[in-house]
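Show me how the following folds:
(2 chains)
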2 protein chains.
Amino acid sequence: MAESIRIFAPATVANVACGFDIFGLAVDNPGDEVVLTKRDDDQIVITEITGDEGKLTKDPEKNTVSVPILRYLEKLGIKQGFDIKLHKKMPLGSGLGSSSASSVAGVFGANKLLGEPMATGELLPFSMEGERVACGAAHADNVAPALLGGFVIIRSYEPLDFVKINTPENLYVSIVHPDIEVNTKDARIILKQEAILKKIIAQTGNVAGLVVGLMTDDYPLIGRSMTDYLIEPNRSILIPYFNEVKETAISNGALGASISGAGPSIFAFSEGKETAEKVGQAMKKVFNQGEIDTNLFVSKINQSGPRILD
Amino acid sequence: MAESIRIFAPATVANVACGFDIFGLAVDNPGDEVVLTKRDDDQIVITEITGDEGKLTKDPEKNTVSVPILRYLEKLGIKQGFDIKLHKKMPLGSGLGSSSASSVAGVFGANKLLGEPMATGELLPFSMEGERVACGAAHADNVAPALLGGFVIIRSYEPLDFVKINTPENLYVSIVHPDIEVNTKDARIILKQEAILKKIIAQTGNVAGLVVGLMTDDYPLIGRSMTDYLIEPNRSILIPYFNEVKETAISNGALGASISGAGPSIFAFSEGKETAEKVGQAMKKVFNQGEIDTNLFVSKINQSGPRILD
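Okay, the predicted model is just below:
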């Protein structure tokens, strides 16, 4: 097995307009380079950093390239040291995922040198630890596309749930970096004062997840994406037994359930007619036990809209 | 041409969990029925309403079935009267798009009886006028799927922009309607007090639109979906010349432009490498004229992530 390896990891565009904290994509260039060489001991040593104008620390517990490697080795229980050379080939603090590229390149290279004990996707949580060092929080919207390539939707952070989608073959990205500095941490603080933002992020993640689930016949993704953080909590208090009906739907096999329109009807999605019937009967029973009469409808999605009857 | 026609239009589930005001789907049942018969004069007369427990008016300027027909005939400049029979076959105020089904059935039937001077999709604005009568605002999340069938994303209300997406063949919907009344208008008032909600709706519409645009190679849809209502207005004030750079990108042929991550980099999407290069140079020039040095990168979306260099 090789003793040394040189890795490129790409710059990334996070947020991508409307997808704050949930969308990210990788570009062909720029990107960072990392050279890893096995040591005879178990030390992680950053021997050289170029292109950072002296801004980055060589302390392995504080640098974004080494922290993911340390956490990865701890998880595997492997005692293997590395010399690390980090070549920053893009501007720092530029909004191009500079720290993510380094995080990804390091742990990706270590995994290769150790014979790939983990699949590439499994490296994401370790790369995110590099982001935590760089910006104070373990974001995935740069790291995920840097690691996986392509356009990635982070549908949820807790638990981490992401999906890479197909994008048009002929779609190009033009990025211009003005040589001024905006501190990512400060930029986030401006926004994070409103608690509502957390809910919006969770919501938009689900919006995107639901779209992809529907378009790709991914039933589990559809189910995971069916939580409404913004509207349902307010509206559902107007509907007696709402929580019980929803829980009953899910415990009977529904993918998820929510309010239909402004309510009071409650709908559930299920895979297959048999489950849908069972779910409907169970939901109905909750209302009926509460002495509320119900109508029950079970249907496919109607693909044609109105039709002439005769 | 037929003198009389009987139309079914389906019930719909709006919002669909996380898609407040932007997602809607049609079901096979229940639905409303409307019988239209041509008159010898130009009067619109509602001759019969069943299934409404006497709640609905027969005033053609106030009933959800007749208002879309009136607006549609005005638009066409056609003077043709109809007798209308409306058979409500689903509960009113149930969150199942009862008013939308009636709105759609009426104008769909009138269009058929007149030899289809408009395509079905063109009937949407008229059906929405029926919604305005019913709930005080011209929402499309029930009307659009009732008219077009399937799962519809309302990407934007002003201007109206919607897309119907493919959904899994075996996906079923179970809906239970509890026999209690929640007034849609009141339920909306609870939510609409916060101005933030309008932005969230526009944002989530764009989230979904962008996903669909990317997955279906729909470049114009990608472009239309690239407005960030929530984050960019706050963050862009930290970036000098932001608005000018963005406008320049678009006027040079970019699909759209926004901040990369927390900035200060700005990215643009373009169809094709030539446009992307031109857009990048134009963006760069704005910064440079403001005496700010820049780096420019033009790239495809990277589909593979990190790679070994040698």
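
Now do the helices in the stretch 1-150 of chain A.
Using DSSP state H, counting those that start in this stretch, the helices of the stretch 1-150 of chain A run over A:66-76, A:98-113, A:124-135, A:143-148.

quick check, the first one touching chain B?
Yep, that's helix A:66-76 we're talking about. No: for helix A:66-76, no contact with chain B is found by CB under 8 Å from any CB of the partner chain; the gap never falls below 12.3 Å. C-betas here are computed from N, CA, C, even on glycine.

CA atoms only for that helix, dumped as PDB, please.
Provided in PDB are the C-alpha atoms of helix A:66-76 (Å, rounded to 0.1, in the frame of the first residue of the first chain):
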ATOM      1  CA  SER A  66      -6.100  17.400  10.900                       C
ATOM      2  CA  VAL A  67      -9.100  17.400  13.300                       C
ATOM      3  CA  PRO A  68     -11.200  15.200  10.900                       C
ATOM      4  CA  ILE A  69      -8.200  12.800  10.700                       C
ATOM      5  CA  LEU A  70      -7.800  12.600  14.500                       C
ATOM      6  CA  ARG A  71     -11.600  11.900  15.000                       C
ATOM      7  CA  TYR A  72     -11.600   9.400  12.200                       C
ATOM      8  CA  LEU A  73      -8.600   7.500  13.600                       C
ATOM      9  CA  GLU A  74     -10.200   7.500  17.100                       C
ATOM     10  CA  LYS A  75     -13.400   6.100  15.700                       C
ATOM     11  CA  LEU A  76     -11.500   3.300  13.900                       C
END
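
what's the average pLDDT for that helix?
In this model, helix A:66-76 carries a mean pLDDT of 98.

residue boundaries of the strands in the stretch 51-200 of chain A?
With DSSP state E, counting those that start in this stretch as the criterion, the stretch 51-200 of chain A has strands at A:82-87, A:151-156, A:161-165, A:171-178.

what's A:Thr227 in contact with, if anything?
Applying CB atoms under 8 Å, 6 or more residues apart in numbering or on different chains, we find A:Thr227 in contact with A:202, A:206, A:256, B:17-18.

From A:Phe20, how far off is it?
In this view, A:Thr227 and A:Phe20 are 18 Å apart by CB to CB, to the nearest Å.

With A:Ile266 instead?
Counting by CB to CB, the gap from A:Ile266 to A:Phe20 is 30 Å.

Now distance to A:Glu53 and pLDDT too, for the contacts of A:Thr227, in a markdown table please.
Listed next are these as a markdown table, based on distance: CB to CB, whole Å; pLDDT from 0 to 100:
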| residue | distance to A:Glu53 | pLDDT |
| --- | --- | --- |
| A:Ala202 | 38 | 86 |
| A:Asn206 | 41 | 91 |
| A:Gly256 | 50 | 93 |
| B:Ala17 | 48 | 82 |
| B:Cys18 | 44 | 81 |
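
need those in TSV with distance to A:Arg235 and neighbour count, can you?
TSV is the format used below for the contacts of A:Thr227 (distance: CB to CB, whole Å; neighbours: other CB atoms under 10 Å in any protein chain shown):
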residue	distance to A:Arg235	neighbour count
A:Ala202	17	21
A:Asn206	16	27
A:Gly256	16	23
B:Ala17	12	25
B:Cys18	13	30
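
max-length helix in chain A?
helix A:196-215 (DSSP state H).

Quick one: neighbours of A:Lys75, just the number.
Counted with other CB atoms under 10 Å in any protein chain shown, the neighbours of A:Lys75 add up to 13.

In contact with the nearest residue to it once chain neighbours are set aside, which residues?
Leaving out its chain neighbours, the residue that sits closest to A:Lys75 by CB to CB, 6 or more residues apart in numbering or on different chains is A:Phe126, at 7.4 Å. Contacts for A:Phe126 (CB under 8 Å, 6+ apart) come out as A:68-69, A:71-72, A:75, A:103, A:107.

Buried among these? Make that a PyMOL selection.
With 16 or more other CB atoms under 10 Å in any protein chain shown as the burial test, the buried ones among the contacts of A:Phe126 are selected in PyMOL as follows:
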select buried, chain A and resi 68+69+71+72+103+107
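
Of all pairs in the contacts of A:Phe126, which one spans the longest distance?
A:Lys75 and A:Ser103 (15.1 Å; CB to CB).

So, low pLDDT: which residues of chain A?
Residues of chain A meeting the criterion pLDDT under 70: A:1, A:181-194, A:309.

Could you chop it up by domain?
A:4-182, A:236-301 (automatic domain parsing).

Send me the top strand by length along chain A as CSV with only the CA atoms.
With DSSP state E setting the assignment, residue counts place strand A:23-38 as the longest strand in chain A. C-alpha atoms of strand A:23-38 as CSV (Å, rounded to 0.1, in the frame of the first residue of the first chain):
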residue,chain,number,x,y,z
PHE,A,23,-28.1,23.4,-0.6
GLY,A,24,-24.5,23.1,-1.6
LEU,A,25,-22.6,22.2,-4.8
ALA,A,26,-19.0,21.4,-5.8
VAL,A,27,-17.0,23.1,-8.6
ASP,A,28,-14.1,21.8,-10.6
ASN,A,29,-11.8,24.6,-9.5
PRO,A,30,-10.4,26.1,-7.3
GLY,A,31,-9.7,23.6,-4.5
ASP,A,32,-7.2,22.7,-1.8
GLU,A,33,-4.4,20.1,-2.0
VAL,A,34,-3.2,17.9,0.9
VAL,A,35,-0.2,15.6,0.9
LEU,A,36,-0.3,12.9,3.5
THR,A,37,2.6,10.6,4.3
LYS,A,38,2.5,7.7,6.8
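
Which elements pack onto that strand?
Under the contact criterion of 3 or more CB pairs under 8 Å, 6 or more residues apart in numbering or on different chains; DSSP states H and E, strand A:23-38 touches strand A:4-14, strand A:82-87, helix A:98-113, helix A:143-148, strand A:151-156, strand A:171-178, strand B:294-300.

And it, what's buried?
Under 16+ other CB under 10 Å, the buried positions of strand A:23-38 are A:23-28, A:30-38.

one step back: and the longest helix of chain A, is it in reach of chain B?
Yes: counting by CB under 8 Å from any CB, chain B is contacted by helix A:196-215 at A:196-197, A:200, A:203-204, A:206-208, A:210-212, A:214-215.

now swap in stretch A:82-95 and tell me
Yes: if you take CB under 8 Å from any CB as the test, stretch A:82-95 does meet chain B, through A:90-91, A:94-95.

Spit out the contact partners of the closest residue in space to A:Asp179 that isn't next to it in sequence.
Take A:Asp179 and drop its neighbours on the chain: the residue closest to it by CB to CB, 6+ apart is B:Asp293, 4.1 Å away. By CB under 8 Å, 6+ apart, the contact set of B:Asp293 is A:178-179, B:287.
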